[in-house]
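Just to be clear, the model below is a prediction. Sequence and coordinates:
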Amino acid sequence: MRTRDNVETLFIASMLHIGGFQTVETATEHQDKYKHWDVRINGVTYDVKAAKRINRSDEVVQYEATWVELRNVRGLGGWLVGEAEKIAFELEHEFLICDRMGLFELITARIKPVVGKGLYERYQRDDRADLMTLVPIADIIQDVDSYTIPKFKINE
């Protein structure tokens with residue numbers, strides 16, 4: 001079964017596999033929940049995002065777009081305004097790592113005043129204080145300082 005912890009572990013393994021990293025520190029529960037970072041590698045903080053379904057009714061995750069959290073379910077600042085320096089998005093065969101502030105600038109420039117589930121629209125789930133928007137992965141690759149690393153394969 002895929003879990004958030006599995007994806008974080010896979011990200012760490014993938015980073016270590018490419019080499020050059022000396023220190024790895026996983027976040028405490030407080031750092032994860034309130035500072036919005038999961039792992040610090042060589043002093044750089046990363047918030048790792050598992051691939052997600054667009055709709056709850058979807059059976060499988062997809063890799064073409066991702067939900068970006070502007071405000072969390074408690075109504076506090078979401079991970080986009082957290083303290084992570086980099087965001088690592090799980091893709092099918094790799095991780096896309098982007099600059100969090102660059103992603104913030106992209107969304108600030110493109111978010112629409114429209115409420116809905118379309119690209120760059122403001123979406124809030126019923127009876128929740130969260131606020132998110134749907135962003136195409138292609139836009140992140142094209143318009144935000146980013147790079148990819150291959151996913152580590154267990155059987156290599």
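Perfect, I can see it now.

any idea how far residue 53 lies from residue 6?
16 Å (Cβ to Cβ, to the nearest Å). Every residue, glycine included, has its C-beta placed from N, CA and C.

same check, this time on residue 75
29 Å.

where does the protein have low pLDDT?
1-5, 154-156 (pLDDT under 70).

hmm, who's touching the longest helix anywhere in it?
In the chain, with assignment by DSSP state H, the single longest helix is helix 4-18. Helix 4-18 is contacted from outside by 21, 24, 26, 38-39, 41, 46, 48-51, 88, 90, 95, 149-152, using Cβ atoms under 8 Å, 6 or more residues apart in numbering.

Buried by neighbour count, from those residues: which ones?
For those, a burial check counting by 16 or more other Cβ atoms under 10 Å picks out 38-39, 41, 46, 48-51, 88, 90, 95, 151-152.

Tell me the one of those residues nearest residue 115?
Nearest to residue 115 among the buried ones among the contacts of helix 4-18 is residue 49, at 23.1 Å by Cβ to Cβ.

can you give me phi and psi for the nearest residue to the closest one once chain neighbours are set aside?
Distance criterion Cβ to Cβ, 6 or more residues apart in numbering; nearest residue to residue 49, sequence neighbours excluded, is residue 89 at 5.0 Å. Per-residue torsions, residue 89: phi -100, psi 130 (degrees, to the nearest 10).

what's the nearest residue to residue 55 if we skip its chain neighbours?
Per Cβ to Cβ, 6+ apart, closest to residue 55 is residue 117, 7.7 Å.

quick one, what contacts the most centrally placed residue in the chain?
The residue lying closest to the centre of the chain (Cα atoms, centre = their mean) is residue 49, at 3.4 Å. Contact analysis of residue 49 by Cβ under 8 Å, 6+ apart lists 7, 66, 79, 87-90.
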